[in-house]
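Engineer: sharing a model that was predicted from the sequence below.
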Amino acid sequence: NCFVSLPWVQSVSSLLHTHHISTSFENVRIIKASSMFSSLSRLALIFLVVAAIGTVVGQTAPKPIKTLCTLPIYQDITVSCHAAFASRYYASNFSTIDWRWRMITPNEGSEGPSAKNFVKSWVLSGENCDLLVGPGYSFIAASMSPLVEIPWVDASATSTELSDKKIHPFYSRVIPTDEVGAAAAGLIYAKFGWTRTNILCSDEAYGRSIAAGVTNSLRDAGGEVDETRCFQPSASEETLRKAIEVFLRSKTKVVFVAGLPFHSWYTHFKKVVKELKASEKLIFFFGDAFCSTGDRSYVELVGGLCATYTGSAATMKPFLNAMQTWDRTAEFDRLRALGYAEESIDRCKSDTDIYAVLGHDAAIHGMTALTNYEAELASGKTAADLGTKVDFLRKQISYAATGKIELESNGDRLVVDLVLYNAFDASTE
C-alpha cells in the first residue's frame, strides 16, 4: 500500500475544498499491482472522483412544498376545478415553491351544501393545507371560519357579515361584497329612472346581505322599498305564491330577488311566476348568484334582469384549452362515489362561469402572495418585518382574468367590472 500524492489527486482535493466538501485524503489508499498504478486503475479512479463531485456539486436544495386546498360545491365544482388547475398551469410562475393541490371533499348528500358537512370535512382533512380557496357560499364560510387558521381566499361568497375581521380574521376574497354589488344595482336603478322597488329575499347570509344592500343603496339615492318578503330557504310553494301575489297588487312593478338558486324555494318561485304570468306584469331583477353559475334558468322569466361580474376571455381561453387535457379521472371517481351529479362533473371538464373565473383568480392571488412572502424571508427579512401571511396576502397586488386584484385591509375587494343581462326570451340573454 502507498499513500496517493500524485498531482491530479491534489487538484481534485483542491476542487473538493473549493466546493466546501469535507474530504480527507489521508485515508485514501490505493492497492498497487506492482510499484506503480496501471493506467486503467488511475483512469477508473478519476471517473469515480469526478462523478462524486458532479453528484454533490450538482445537487440543489429541494423547493419547499405548499398545498392549495379546494372545497368542491355540490352541483357546482367548477370553482374548485379552476383553482386546482391554476396551481399546475401557472407552476412556472412560482419557481421557488412546489405548489401542490388537494381536494377536501364533503359528503353533502342530496340536499345541497351543508355547513355541518363542510366543517366536519375541514376538521378531518384541513390540517395539511397552506392556502384555502373556497368554499364559495357565505353561510358555509361563516360556519367554517372559527376553524380555519391559514390564508384563505374565497371566490364567490359575498356576504358583508364576513367583512368583520374580529370574527373572520383569516378570510379574504376576490369577489366584491354585497355592499358593492348593491351599490352597482343602485346605479342600474338610477339608469332606468326607477326610484322604488319590492324585495324578495331568502333568509340566509347572502339573501339578507344583498337585500339590505339594495335597500340602503336605493334609500341613499332618495328612493324607497315598498314591499319586502323574506322566507326560509326551504319555503313552500304556498309561501312563494303569497309573496308574488303581494307584489302583483303593489304599485311598484320592479322586484329585486335576493337568494341562492340551488335552494328549493327557487323551484317554487319559477313555477308560481309562470302560473300567475307574473313576469308579464313585473320586472324581476336578480342578484349575481342567478347568472354567475351554470344554472341560468332565470331566463325562463322573460324580461328578467341579472347583474354579475365579468372577466377577460383572452386570459381564460388558453387556460381552459389546457385544462381539457388534464387527467382528473381519480378526482372525478371520488366525486361520483360521494354522490356528486354527473352533470356537475361534466361541467368541470368543459365549462366555466364567472365564479369559476374568480376561483382561478383566487388561486393566482393566494399563490402569488405566499410565494412572494417566502422569497422575502429568503432575502433576509423576518416575519416581524413582513407581518402575518394573511396581512401580506391582503397587501399583495396581482393581475388575473378579472383584472387588477387589490384588497382592503380586511380582505375585501372593491373593484371588478360588472355586466347586466336581460332575459330576451326563454332561452336567450
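Structural biologist: Everything's here; your move. Numbering: from 1, shown residues only.
Engineer: assign the closest residue to Gly136 other than its chain neighbours to helix, strand or coil.
Structural biologist: Computed as CB to CB, 6 or more residues apart in numbering, the closest residue to Gly136 that is not its neighbour in sequence is Ser156, at 4.5 Å. Any C-beta I mention is one placed from the backbone N, CA and C, and that applies to glycine too. For Ser156, the secondary structure call by DSSP: H, G, I helix; E, B strand; the rest coil comes out as coil.
Engineer: need the contact list for Ser156.
Structural biologist: When contacts are counted by CB atoms under 8 Å, 6 or more residues apart in numbering, Ser156 touches Val79, Gly136, Tyr137, Ile175, Ser292, Tyr355, Leu358, Gly359.
Engineer: so the fourth one touches Tyr309, yeah?
Structural biologist: Okay, so that is Ile175. Yes - shown here, Ile175 and Tyr309 form a contact pair, counting by CB atoms under 8 Å, at 6.8 Å.
Engineer: those two: which is more packed in?
Structural biologist: Legend: neighbour count by other CB atoms under 10 Å for Ile175 and Tyr309, higher for Ile175 (27 against 23).
Engineer: distance check, the more buried one against Thr158.
Structural biologist: From Ile175 across to Thr158, the span is 6 Å (CB to CB, to the nearest Å).
Engineer: what does whichever helix or strand Leu200 is part of contact?
Structural biologist: Leu200 is part of strand 196-202, with elements assigned from DSSP states H and E. Around strand 196-202, the neighbours that count as contacts under CB under 8 Å, 6+ apart are 189, 207-208, 210-211, 214-215, 218, 223-233, 235, 243, 246-247, 250, 252, 254-260, 263, 265, 269, 285.
Engineer: from those, which land in strands?
Structural biologist: In this view, these that belong to strands under DSSP state E are 224-231, 254-258, 285.
Engineer: most neighbours out of those, which is it?
Structural biologist: Among these, the one with the most neighbours (other CB under 10 Å) is Ala258, at 30 neighbours.
Engineer: bridged to that residue, which residues?
Structural biologist: Note on Ala258: beta-bridge partners by DSSP bridges are Cys201.
Engineer: which residues touch it?
Structural biologist: Residues near Ala258 by CB under 8 Å, 6+ apart: Ile199, Leu200, Cys201, Ser202, Tyr206, Gly207, Arg208, Ile210, Ala211, Val214, Gly287.
Engineer: how does it look with 7 Å?
Structural biologist: Contacts for Ala258 (CB atoms under 7 Å, 6 or more residues apart in numbering) come out as Ile199, Cys201, Ser202, Gly207, Ile210, Ala211, Gly287.
Engineer: doesn't Leu420 lie inside a helix?
Structural biologist: No - assessed with three-state DSSP, Leu420 is strand; it does not lie in a helix.
Engineer: quick one: low-confidence residue ranges for this protein.
Structural biologist: The chain contains residues with pLDDT under 70 at 1-61, 73-76, 105-118, 120-126, 349-351, 426-427.
Engineer: let's see 50
Structural biologist: Confidence mapping of the chain against pLDDT under 50 gives the ranges 1-41, 43-57, 108-112.
Engineer: residue nearest the middle of it, spatially speaking?
Structural biologist: In the chain, the centroid-proximal residue (CA atoms, centre = their mean) is Gly359; its distance is 3.3 Å.
Engineer: tell me the buried residues in stretch 237-247?
Structural biologist: Across stretch 237-247, burial judged by 16 or more other CB atoms under 10 Å covers Thr239, Leu240, Arg241, Ala243, Ile244, Phe247.
Engineer: then stretch 154-170?
Structural biologist: Buried residues in stretch 154-170, counted by 16+ other CB under 10 Å: 154-163, 165, 168-170.
Engineer: same check on stretch 81-95?
Structural biologist: For stretch 81-95, a neighbour-count test (16+ other CB under 10 Å) marks Cys81, His82, Ala83, Ala84, Phe85, Ala86, Ser87, Tyr89, Tyr90, Phe94 as buried.
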